[in-house]
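Student: Task: produce atomic coordinates for the following.
(3 chains)
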Amino acid sequence: MKKYKVITSLSYPQEGAMGKTGSWRVFRPVLDVSKCVKCLRCWIFCPEGSIKRNKDNSVEINYDYCKGCGVCSNVCKVKAITMDREAKKE
Amino acid sequence: MTIMIDTGNYIAAKAAVMARPQVVAAYPITPQTTLVEGIANYVANGEYKGEYICVESEHSAMAACIGASETGSRTFTATSSHGLLLMHEMLHWASLARLPIVMCNINRVIGPGWNIWTDENDSIAQRDTGWIQFYCSSNQEIFDTIIQSFKIAEHEKIVLPVMINYNAFILSHTSMPADIPTQKEIDDFLPPFKPHWKLDVNNPVTHGNIIGTAYYEHIRKGMQDAQDHAKKIIKDVAKEWERQFGRHHGDLIEYYHCDDAEYILISTGAIGAESKAAINNLRKEGIKIGLARLRVFRPFPEEEIRKLAKQSELIVIDRNISIGSNGAFYNEIKSALYGVSDTKVTGFIAGLGGKDVPYHDIETMCKKAIKSKKVNNSQIWFGFDGGE
Amino acid sequence: MSQTDLVEIVIHGRGGQGSVTAANLLVSAALKDGNKGLQAFPIFGAERRGAPVRAFARISENEIHLRSEIYSPDIVIVQDESIMDLVDVLKGLKDDGKILINTRKSPKDFPFSKKYNVATVDATSIALKYDITVGGIPVVNTPILGAVPKILSKVTLPSIQKTVMEKWKGTAGEKNVKATQEAFDTVEVDT
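Tutor: Residues are numbered from 1 along each chain as shown, chains lettered A, B, ... in the order given. Now for the predicted structure:
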């Protein structure tokens, strides 16, 4: 990646600049692959880029960074994504 | 009196409403938002009965305040950072028109890079607009200064707008206790506004017409004279407040252990309050040091600075910078001393971008200044990039 | 340290758990107990639900000059035990410092109880018992405050309860008052 020498407020793209934001999650999106029709709406709407698109248009959720906002579950036409309470660590 | 524990913004909202402005016009911006939200609450519960105008920008907010003030209304607004910058044209308008508008500005960093924390560059950039500028260091001081500011702004020898500055989050969002006088006590201290000129159909005037070069000079000189008068009137009003309410936060300057001081630290706002903790610790180590917390930047307290320089070396902390030169306070302090004093003035730039300036850092700065025998003509960036 | 009687408190929680409200309630209660120097403030920045956050409180009998963050607290309060996996809550804690944790465990279960004074209270169960919830999620900030007088003499339980009643009137207030009482009665303090 090209880096500029001028000191100004430039941000360069990088994965997880804020750390693993998955730890903020209260609800966890769970994808039922058998229901998924590969429409990619979840991939388009995820505000955090936490849904990975595979070559065959199947999707995976990156739990390291997913904050559990529930947008993917909300936009899914076939209700393939449910929001489950994050299991408490004991 | 009752004690209210709340954030600087909510306490400012309380003060603003108790001053009974006929008109408030404001546009929300972080970190000022809770102040206008506070006033909106007083509208909702009936405590504030004036006109509360929601406008579409800060430029419009000040324009609405100007319009209201020109018709003889007591007027209040609040803003921060980019909001203040957007008002810039209207700030000149308000002061040149001699309108005693009172405004809170929550000192916030200017972007980019985007940053909502505190430094003074927003208000320092309005230095030459003709507004009187206060810098506060506690929620109680915010309350007291807002009420006092209406009296100062509306004084017949001043008739200029007043800007009350306080630090983003460190004061705006920190709960601290404040003694709130009764409405009657406030009313006794601050009677209703009697305008010094106004747009009145029974006494028609036009305002803002084209004027010639010679008379324009009179307008500027009039403002300058008013700022000169303000030096005394700010003191008188602070004294009157002390007589009535028993509190004095200083006038142009707050002095702390200055009487026998060989060194005097000059700082403002939240750093000014934190400096007291540093002074206490340095005094315990046997260093004869005091604090002059600058409360007023316009009018600039030149005489007071000269007096301090007679007895002490000066150490200045600026939470602002005039790029290509120095911090504004450092520059103006040195300028005040020209031809009068050769005392050493050591300047630091600290806390830009909202970087925390804890008391132990202030102690380090003071010690560094005391140790150094050479006269620097530029400031030291304290703690820059993790260094000292 | 600039004043000897100053107590500095850091509250760890997650965004949305009411850490700032807890700090505000605590200093309001401290005022009722005659303290004049009071401060409560959030970690300055954007609020993010679920993210680890901190709130701060300072309590003194005298006016407080400090305006900086708290770097070496006397007391640490942990509202959410799971935070301890993400954040070093002991960072800067004074050698004789105290730590109050919302947990089902006992103080002895925490290895650092050898060094610090640990107090534990099951504020989550108390919140559920008295139905102090928002959207089904237990709100632990008021229950945990009930335990504070056991580790901090500057604040008393009646003052905390009075403050709670001022904030939430009627049955909501009463539920919260009962919760603070139960936390006060059940907190385990390691001595």
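Student: residues from chain A in reach of chain B?
Tutor: Chain A comes close to chain B at residues A:Thr8, A:Ser9, as judged by CB under 8 Å from any CB of the partner chain. No exception for glycine: its C-beta is placed from N, CA and C like everyone else's.
Student: in chain A, which spans are helices?
Tutor: Assigned by DSSP state H, the helices in chain A fall at A:41-45, A:71-75.
Student: Same list (those) but as JSON lines, adding mean neighbour count.
Tutor: Converted to JSON lines, the helices of chain A look like this (neighbours: other CB atoms under 10 Å in any protein chain shown):
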{"stretch": "helix A:41-45", "mean neighbour count": "17"}
{"stretch": "helix A:71-75", "mean neighbour count": "18"}
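Student: Any chance of TSV for these, columns distance to B:Glu89?
Tutor: TSV is the format used below for the helices of chain A (distance: least, CB to CB, whole Å):
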stretch	distance to B:Glu89
helix A:41-45	42
helix A:71-75	41
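Student: could those be laid out in JSON lines, adding mean pLDDT?
Tutor: Formatted as JSON lines, those follow (pLDDT from 0 to 100):
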{"stretch": "helix A:41-45", "mean pLDDT": "98"}
{"stretch": "helix A:71-75", "mean pLDDT": "97"}
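Student: can you list those helices in TSV and add distance to chain C?
Tutor: Below are those laid out as TSV (distance: least, CB to the nearest CB, whole Å):
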stretch	distance to chain C
helix A:41-45	19
helix A:71-75	14
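Student: Which one, of the ones you listed, ends up nearest to A:Arg25?
Tutor: Among the helices of chain A, helix A:71-75 comes nearest to A:Arg25, with 12.6 Å by CB to CB.
Student: For that closest one, name the packing helices and strands.
Tutor: helix A:41-45, strand A:81-85 (3 or more CB pairs under 8 Å, 6 or more residues apart in numbering or on different chains; DSSP states H and E).
Student: For the last one, give me every contacting residue.
Tutor: If I follow you right, that is strand A:81-85. Residues outside strand A:81-85 that contact it (CB atoms under 8 Å, 6 or more residues apart in numbering or on different chains): A:Val26, A:Phe27, A:Arg28, A:Pro29, A:Val30, A:Leu31, A:Asp32, A:Cys42, A:Gly68, A:Gly70, A:Cys72, A:Ser73.
Student: The fourth one: neighbouring residues, count only.
Tutor: So the one you mean is A:Pro29. A:Pro29: 24 surrounding residues under other CB atoms under 10 Å in any protein chain shown.
Student: That one against A:Asn62, yeah?
Tutor: No. Here A:Pro29 does not reach A:Asn62: they are 10.6 Å apart, not a contact under CB atoms under 8 Å.
Student: closest point of chain A to chain B, which residue?
Tutor: Residue of chain A nearest chain B, by CB to the nearest CB: A:Ser9 (2.9 Å).
Student: So B:Glu254 lies in a helix, does it not?
Tutor: No. Looking at B:Glu254 with DSSP: H, G, I helix; E, B strand; the rest coil, it is strand, so not inside a helix.
Student: Run through the bridge partners of it.
Tutor: B:Arg293 (DSSP bridges).
Student: and it, how far is that from chain A?
Tutor: Relative to chain A, B:Glu254 is positioned 36 Å away (CB to the nearest CB, to the nearest Å).
Student: What does the pLDDT read for that residue?
Tutor: pLDDT for B:Glu254: 98.
Student: So what's the residue count around residue 6?
Tutor: Answering for chain A, as no chain was given. 5.
Student: think we crossed wires, I meant chain C
Tutor: Neighbour count for C:Leu6, taken as other CB under 10 Å: 18.
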